[in-house]
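Chemist: Output the structure for:
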Amino acid sequence: MPATGVNTWVWDSPSTDLTLGRLVPRIAGWGFDVIELPVEQPGEWSPGRTAELLHDHGLAASVVLVMAPGRELVAASPETVRDTQDYLKHCVDVAVAVGSPTISGPAYASVGRTWKLDTDERRTVLAELRENLRPVAAYAAERGVRIGVEPLNRYETSLINTVEQALDALPDECGLALDTYHLNIEERSPAQAIRDAGSRIAHIQVCGTDRGAPGADHFDWTGFADAVKDADYTGPWVIESFTPDNTTIATAASIWRPLAASQDALATDGLAFLRTL
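Modeler: Numbering: from 1, shown residues only. Predicted coordinates for the structure are as follows:
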């Protein structure tokens, strides 16, 4: 079966050396293979110290980038674009330090930024995105890291919502990061979208259709698993969900109620279900 991981956002935000010191042993003890590490702000946790911690507990890492307000690669000032590129390169450096083969996330615009694009404006913005992503992708490739750019649902971005749009928009140097939550909202057939993405898939995140544990929902998980196999994706499946106890992240992710009996249960129930696939 594929490696299975879980994002630290299930429990807290932002991660720190202290919280990782508590979470890593528990995540390893439950039987996960991978811990997913968000880089919200550089310096909130130590990549070197975390790499040692993961080694001690036999966990691999995946790194996710965070497009907070002010991080933009399109329709922004040259200074903002340059700062965003520097941030993404920092995420690559973190990935190298902790041994993650990818950095993934919506590397184009801040989450929640939406505006109506006519045909000409979309063409211009996507050309700008390709131009501004290429130096970051080259920086990553030189260090053995692949960028997975994530389509988000229509409420979180107006730029890239579907696999088809992502394949049209992104330079060949970039892969795709696919999340079942967004696939369920935007794709007419999530399974076909996965097959269309094929070898471009760099990373996969999973959760229930309510952003809770995978399996306790109406998603076609068998069809999903078959499509992932057909796409020859060999990376991890990582549970990404969020805690309602952190006001900032709960508001950003629209988590207004508990999604499981506990955050621990969300992770362990999700792991148990994924193993049945």
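
Chemist: Now do the strands in the stretch 51-200 of the chain.
Modeler: 60-65, 102-105, 146-149, 175-179 (DSSP state E, counting those that start in this stretch).

Chemist: Out of those, which gets nearest to residue 117?
Modeler: strand 146-149 (17.4 Å; C-beta to C-beta). Yep, even glycine has a C-beta here, placed from its N, CA and C like the rest.

Chemist: sorry, back to before: could you save the strands of the stretch 51-200 of the chain as JSON lines and add columns showing mean neighbour count?
Modeler: Formatted as JSON lines, those follow (neighbours: other C-beta atoms under 10 Å):
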{"stretch": "strand 60-65", "mean neighbour count": "25"}
{"stretch": "strand 102-105", "mean neighbour count": "26"}
{"stretch": "strand 146-149", "mean neighbour count": "25"}
{"stretch": "strand 175-179", "mean neighbour count": "26"}
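
Chemist: Tell me who's in contact with the closest residue to residue 60 other than its chain neighbours.
Modeler: Computed as C-beta to C-beta, 6 or more residues apart in numbering, the closest residue to residue 60 that is not its neighbour in sequence is residue 34, at 4.7 Å. The neighbourhood of residue 34, defined by C-beta atoms under 8 Å, 6 or more residues apart in numbering, consists of 3-6, 59-62, 236, 238.

Chemist: And the helices in the protein?
Modeler: Secondary structure of the chain (DSSP state H): helices located at 17-30, 47-57, 78-98, 119-142, 163-169, 180-186, 190-197, 221-230, 247-253, 263-276.

Chemist: and the residue nearest to residue 60, how far is that from residue 233?
Modeler: Remark: distance between residue 34 and residue 233 (C-beta to C-beta, to the nearest Å) = 14 Å.

Chemist: gap between residue 61 and residue 72?
Modeler: Taking C-beta to C-beta, one finds residue 61 at 27 Å from residue 72.

Chemist: Tabulate the contacts of residue 34 in JSON lines, adding columns for distance to residue 104.
Modeler: Output for the contacts of residue 34, formatted as JSON lines (distance: C-beta to C-beta, whole Å):
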{"residue": "3", "distance to residue 104": "15"}
{"residue": "4", "distance to residue 104": "16"}
{"residue": "5", "distance to residue 104": "12"}
{"residue": "6", "distance to residue 104": "15"}
{"residue": "59", "distance to residue 104": "18"}
{"residue": "60", "distance to residue 104": "14"}
{"residue": "61", "distance to residue 104": "12"}
{"residue": "62", "distance to residue 104": "7"}
{"residue": "236", "distance to residue 104": "11"}
{"residue": "238", "distance to residue 104": "9"}
